[in-house]
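In: Below are the sequence and a predicted model; questions follow.
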Amino acid sequence: SQSVETRTFQAEVSKLLKIVANALYSEREVFLRELISNAADACDKLRFLALSKPELTVGDPSFAIRLAVDKDAGTLTVADNGVGMTEAELHDNLGTIARSGTAAFVEELSGDSKRDVGLIGQFGVGFYSAFMVADKVEVLTRKAGEDQAWLWTSDGIGEYSVEPAEKAGRGTVITLHLKDDAGEFLEKSRLQQVVRTYSDHIPFPVTFVEADAEGETLNKASALWTRSKSEISEDDYKEFYRHAGHAADEPWLTVHWKAEGRIEYHALLFVPSQRPFDLFHPERRHHVKLYVKRVFITDDAEGLVPSWLRFVKGVIDCEDLPLNVSREMLQRNPVVASVSQAVTKRILGELKKKAESDADAYAEFWKSFGAVLKEGLYGDGLEHREALLSLVRFRSSARDGLVSLADYVARMKDGQEAIYYIAAESEQAAAASPQLEGFQKKGVEVLYMTDPIDEFWVQMLFEGYDGKPLKSITRGGADLKSIKADQADGEPDDASKDEPGADQGAVAALVASVKLALGDAVKDVRTTDRLADSPVCLIADEGDMDMNLERMLRQHKQ
Ligand code: ADP
Ligand code: MG
């Protein structure tokens, strides 16, 4: 017979486990939420596979999650009849953390347990949270459609082992050997309380099994998104978000609606309050799960939500798609396209409401996700451009907080025809630019564009905003002459006039000699009204690449 294979955990996992095991985590009851969440995912996955291979669930067609305790042995088991795992999947899933962005996360762990527990709270440790309450964990699992079962065992220190095993039926049984101080989780009433708190929304029954008899179902066991809003509490939504979004933070925004009419669907969507670690990771999956008539189909449906809304999490459940829809079909499916349109509009509308009703909260959102939302301005978001333009925010030379394009336009000077901006590496760099001086002197507001993406969408905005073109003040065309200076600050309006004392001939001679001295290093030398204190600044020619973009590209090449 085959022997036991022992392997060491991936270094990141070991580091996590050390913190998990030693943390005096006041909310350690969440281990049960994590295990039930995984069990429900496993049931969802198998229900989907069984659509095309019904033989996978023959003889045991209804899904359930069962809790049982053995008080003498001090064990709690969490069993599901979901998809199960192969030997290779056991190693991949319970020996490493496959999630992208993990390395960056683990690097942030300091070894200072207080700080690290906070970080882990944000990250979520999933399965490994079992070691908060157990000093030994066994995972007995059999993949649906296979005969061979496998047993994974670990005490959560350094290594784990996997060996062949026997198991009647498909699915996974997780046995927790509870620590001495975790005896509370042997009590039915305690388990019931935890399940009601965290897992009420799980669409499969979670039952407590006693003495061979099928015990009572502890949760509501119906899909949360199909329930009416009035029956759902804030906490229900929050726990659903954590389960469906594999998230550890709180939702910043919750939107739940049912669309009736030409196309019917339920949507329960969330915007996170914290920026996920992998937001800019290329292989990051979409986090909106697609269901068809309550059956989970995929969490990676291309085209369901545009990539510039990839921070949105939750569930869309369509009534008008066939259950046997394939991933390839989804991409070009007109129902998916209509739902996507409607959902996108709705989310942008909700963001706008929030921006108008609570500017401070919106600023938090903007800090986390603004750069992603702006991708819609040059990508496939053409039909949503107007909505997106009402949502973008900037730092500016005139205000401390965030500024919208509408704010800017409302403050434009007499004679000002363009929206002026400066692209720079940072807000500080923008504020210190000599090109800004003349604008500030005249009280003309300049928007700071500090996200790399700004360079791209601004150039694509040919029609401008509200009929006004966006102009970079580090390019040739930004001309201040037509704008009246700010009289309010009492400064005389002299900067825009040709100074009578200035000898035009001497200026021309100066320009010529500077040109001669600089030679090929510059394209041209000219006088400007955009400077106030500095004698000279660099600008890009009208038709050329803006300076900040050039700087970025140069950095990239190195
Ligand atoms: P996450 O659920 O966010 O992926 P977890 O640490 O909770 O992270 O789980 C890691 C992986 O282990 C899951 O993605 C899944 O593939 C696998 N897994 C965990 N529990 C089960 C289970 N009960 N049945 C099948 N697979 C499971
Ligand atoms: Mg999980």
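Out: Nice, thanks for sending it over. Ligands and ions are numbered 1, 2, ... in the order given.
In: Within its local environment, how many residues does whichever residue of the stretch 1-150 of the chain sits closest to ligand 2 see?
Out: Residue nearest to ligand 2 within the stretch 1-150 of the chain: residue 126 (3.8 Å; C-beta to the ion). The C-beta positions use only the backbone N, C-alpha and C, and glycine is treated the same way. As a burial measure, residue 126 scores 19 neighbours (other C-beta atoms under 10 Å).
In: SS state for the residue nearest to it when sequence neighbours are not counted?
Out: In this structure, residue 126 finds its nearest non-sequential neighbour in residue 34, 5.3 Å apart by C-beta to C-beta, 6 or more residues apart in numbering. Following DSSP: H, G, I helix; E, B strand; the rest coil, residue 34 is assigned to helix.
In: my guess is the residue of the stretch 1-150 of the chain closest to ligand 2 contacts residue 246, does it?
Out: Yes - counting by C-beta atoms under 8 Å, a contact exists between residue 126 and residue 246, whose distance comes to 7.4 Å.
In: of all the residues in the stretch 201-350 of the chain, which ones are close to ligand 1?
Out: Residues of the stretch 201-350 of the chain found near ligand 1 (C-beta under 6 Å from any ligand atom) are residue 246.
In: Any idea how many residues pack against whatever residue of the stretch 201-350 of the chain ends up closest to ligand 2?
Out: The nearest approach of the stretch 201-350 of the chain to ligand 2 comes at residue 246, 6.0 Å away (C-beta to the ion). By other C-beta under 10 Å, the residues close to residue 246 number 18.
In: now do residue 379
Out: Residue 379 has 15 nearby residues by other C-beta under 10 Å.
In: Read off the pLDDT value for the closest residue to ligand 1 within the stretch 51-200 of the chain.
Out: Closest residue of the stretch 51-200 of the chain to ligand 1, C-beta to the nearest ligand atom: residue 126 (2.5 Å). For residue 126, the pLDDT comes out at 85.
In: how about the strands in the stretch 301-450 of the chain?
Out: Assigned by DSSP state E, counting those that start in this stretch, the stretch 301-450 of the chain shows strands spanning 313-318, 393-396, 403-404, 419-423, 447-449.
In: can you tell which of those is closest to residue 268?
Out: Closest to residue 268 of those, according to C-beta to C-beta: strand 313-318, at 5.0 Å.
In: what sits against the nearest residue to residue 351 once chain neighbours are set aside?
Out: Distances taken as C-beta to C-beta, 6+ apart place residue 391 nearest to residue 351, at 5.6 Å, with adjacent residues excluded. Contacts here follow C-beta atoms under 8 Å, 6 or more residues apart in numbering; on that basis residue 391 touches 348, 351-352, 355, 373.
In: repeat for residue 532
Out: The contact partners of residue 532, by C-beta under 8 Å, 6+ apart, come to 437-438, 440-441, 495.
In: By proximity to ligand 1, which residue of the stretch 401-550 of the chain wins?
Out: The minimum distance from the stretch 401-550 of the chain to ligand 1, using C-beta to the nearest ligand atom, falls at residue 453 (28.7 Å).
In: where in the stretch 51-200 of the chain is pLDDT low?
Out: In the predicted model, the stretch 51-200 of the chain carries pLDDT under 70 at residues 98-104, 110-115, 117-124.
In: Show me which residues of it are close to ligand 1?
Out: By C-beta under 6 Å from any ligand atom, the residues of the stretch 51-200 of the chain that approach ligand 1 are 80, 82-85, 93-94, 126-127, 172.
In: ok, residue 37 to residue 49 distance?
Out: Here residue 37 is placed at a distance of 19 Å from residue 49 (C-beta to C-beta, to the nearest Å).
In: More neighbours: which of the two?
Out: The residue with more neighbours, out of residue 37 and residue 49, is residue 37; 23 against 15, by other C-beta under 10 Å.
In: Just to check, the more buried one is in contact with residue 240?
Out: No - if you go by C-beta under 8 Å, residue 37 and residue 240 don't touch, sitting 10.3 Å apart.
In: Residue 238 is in what secondary structure piece?
Out: Assigned by DSSP states H and E, residue 238 belongs to helix 234-244.
In: again, but for residue 92
Out: Secondary structure assignment for residue 92, by DSSP H and E: helix 87-95.
In: Which stretches in the stretch 101-250 of the chain count as helices?
Out: Counting by DSSP state H, counting those that start in this stretch, the stretch 101-250 of the chain has helices at residues 102-108, 113-123, 188-198, 234-244.
In: The last one packs against which elements?
Out: Under the contact criterion of 3 or more C-beta pairs under 8 Å, 6 or more residues apart in numbering; DSSP states H and E, helix 234-244 touches helix 30-52, helix 188-198, strand 251-259, strand 265-272, strand 313-318.
In: about what we covered before: for the strands of the stretch 301-450 of the chain, give me a markdown table that also has mean neighbour count.
Out: As requested, the strands of the stretch 301-450 of the chain are exported to a markdown table (neighbours: other C-beta atoms under 10 Å):
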| stretch | mean neighbour count |
| --- | --- |
| strand 313-318 | 24 |
| strand 393-396 | 22 |
| strand 403-404 | 20 |
| strand 419-423 | 25 |
| strand 447-449 | 23 |
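In: so which of those comes closest to ligand 2?
Out: Of the strands of the stretch 301-450 of the chain, nearest to ligand 2 by C-beta to the ion is strand 313-318, at 13.9 Å.
In: partners of that closest one, with directions?
Out: As defined by DSSP bridges, the strand partners of strand 313-318 come to strand 265-272 (antiparallel), strand 287-292 (parallel).
In: Could you check the first one and say which residues are buried?
Out: Put plainly, it is strand 265-272. 265-272 (16 or more other C-beta atoms under 10 Å).
In: gap between the residue of the stretch 201-350 of the chain closest to ligand 2 and residue 553?
Out: Residue 246 sits 36 Å away from residue 553, going by C-beta to C-beta.
In: quick one on the thing from earlier: report the two of the buried residues of strand 265-272 separated the most.
Out: Pairwise distances across the buried residues of strand 265-272 peak at 22.0 Å for 265 and 272 (criterion: C-beta to C-beta).
In: Next up, the contacts around the nearest residue to residue 267 once chain neighbours are set aside.
Out: Distances taken as C-beta to C-beta, 6+ apart place residue 316 nearest to residue 267, at 5.0 Å, with adjacent residues excluded. Residue 316 sits next to 265-267, 269, 288-291, 304, 339, 343 when contact means C-beta under 8 Å, 6+ apart.
In: isn't residue 190 right up against residue 184?
Out: Yes - contact criterion C-beta under 8 Å: residue 190 and residue 184 qualify, at 4.9 Å.
In: Tell me the confidence at the spatially most central residue of the chain?
Out: The C-alpha lying nearest the average C-alpha coordinate of the chain belongs to residue 311 (C-alpha atoms, centre = their mean; 3.2 Å). Looking at residue 311, its pLDDT reads 94.
In: now swap in residue 2 and tell me
Out: 66.
In: repeat for residue 10
Out: pLDDT, residue 10: 90.
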